[in-house]
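Novice: missing the sequence, but the structure's below:
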């Protein structure tokens, strides 16, 4: 299921936001959120139903940020077959964008079908060296213009602050070497008010969703030779950086994500020195 292989992209555009204050954007609050996933029947007629759930935790650490994501989908096909797909993604990125650890596992009907595990480190001169331990032992050197997810979103937030229309970069998502890095183009569409009905549909006892959201549109290109994106993502993101809704537009399928519950998590002060341990 290509949607779940690309689930990290969604979080790249919604979870790894800047912790610094921006104009109209207070910055991402460490939080835990649960989303309902659904899709209409695809145009080919092969898929008749898709339902699922996604849980994420985004937390600031004293020297970076950690992300945990778990998504589970059940896909029903026209011949009656049902397929259960699960994705687990964990990562940590340093605040200076100098290092990232990542681990991705994709299962179909309980069987592991894809995995990626590694560490990316910024080298002198800005190039990025990626040490993979899964799916195979491998070292790759990437150009200096490749950015990390949280780094990319800080560029997006800077564009919002300065009134630019969008951002475009190669992004290392933390997936398998054959699908990373990818070209990600994000357009900043508009700032809108979150309606009372939208807020009422979300369990948000702390009120962190707020009253305003940004509409963003993102195109992701896994194939550098293709003029057509692998997936296009349209999302509404609250002024606190919490994704409210999102749609993944594939050539023959639209997958929808809608926020069900959200709660804040503690956010420690930032310390980029030896006082931070374990990274």
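Specialist: Arrived safely. Values in this document were obtained by computation on a predicted structure and should not be read as measured data.

Novice: from here on, just use CA atoms for contacts and neighbour counts.
Specialist: Noted.

Novice: list of residues touching the strand or helix carrying residue 35?
Specialist: In this structure, residue 35 sits in strand 31-39 according to DSSP states H and E. Outside strand 31-39, the residues that touch it by CA atoms under 8 Å, 6 or more residues apart in numbering are 49-59, 73, 253-265.

Novice: list the buried residues in the longest helix along the chain.
Specialist: Longest helix of the chain, by residue count under DSSP state H: helix 149-162. Using 16 or more other CA atoms under 10 Å as the burial criterion, the residues of helix 149-162 that qualify are 149, 150, 151, 152, 153, 154, 155, 156, 157, 158, 159, 160.

Novice: wait, which of these is closest to residue 63?
Specialist: For the buried residues of helix 149-162, the minimum distance to residue 63 (CA to CA) is 12.8 Å, reached by residue 150.

Novice: my read: that closest one touches residue 96, true?
Specialist: No - applying CA atoms under 8 Å, one finds residue 150 not in contact with residue 96, separated by 9.8 Å.

Novice: which strands border the strand holding residue 35, and is each parallel or antiparallel?
Specialist: Strand 31-39 has the following sheet partners, assigned by DSSP bridges: strand 47-61 (antiparallel), strand 254-264 (antiparallel).

Novice: show me what contacts the residue lying closest to residue 159 once chain neighbours are set aside?
Specialist: In space, and not counting its chain neighbours, residue 159 is closest to residue 166: 6.4 Å by CA to CA, 6 or more residues apart in numbering. Listed by CA under 8 Å, 6+ apart, the contact set of residue 166 reads 156, 159, 160, 185, 186, 187, 188.

Novice: which of those residues sit farthest apart?
Specialist: Farthest pair in those, by CA to CA: 160 and 185, 14.2 Å.

Novice: before we move on, the earlier item: take the strands paired with strand 31-39 and lay them out in a markdown table including mean neighbour count.
Specialist: Output for the strands paired with strand 31-39, formatted as a markdown table (neighbours: other CA atoms under 10 Å):
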| stretch | mean neighbour count |
| --- | --- |
| strand 47-61 | 20 |
| strand 254-264 | 20 |
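
Novice: ranking those by mean pLDDT, which is last?
Specialist: Note on the strands paired with strand 31-39: strand 47-61 shows the lowest mean pLDDT, a mean of 88.

Novice: could you look up the next helix or strand downstream of that one?
Specialist: Immediately after strand 47-61, counting by DSSP H and E, sits strand 64-77.

Novice: show residues contacting stretch 74-82.
Specialist: Applying CA under 8 Å, 6+ apart, the external contacts of stretch 74-82 come out as 45, 46, 47, 48, 49, 50, 51, 52, 83, 84, 85.

Novice: can you rerun that using 6 Å?
Specialist: 46, 47, 48, 49, 50, 51, 83, 84 (CA atoms under 6 Å, 6 or more residues apart in numbering).

Novice: list phi and psi for the most far-flung residue of the chain relative to its centre.
Specialist: In the chain, counting by CA atoms, centre = their mean, residue 79 sits farthest out from the average C-alpha position, at 32.3 Å. With angles defined as degrees, to the nearest 10, residue 79 sits at phi -90, psi 10.

Novice: equivalent analysis for residue 178, please.
Specialist: Note on residue 178: backbone dihedrals following degrees, to the nearest 10 are phi -80, psi -10.

Novice: where's it relative to residue 168, distance?
Specialist: 20 Å (CA to CA, to the nearest Å).
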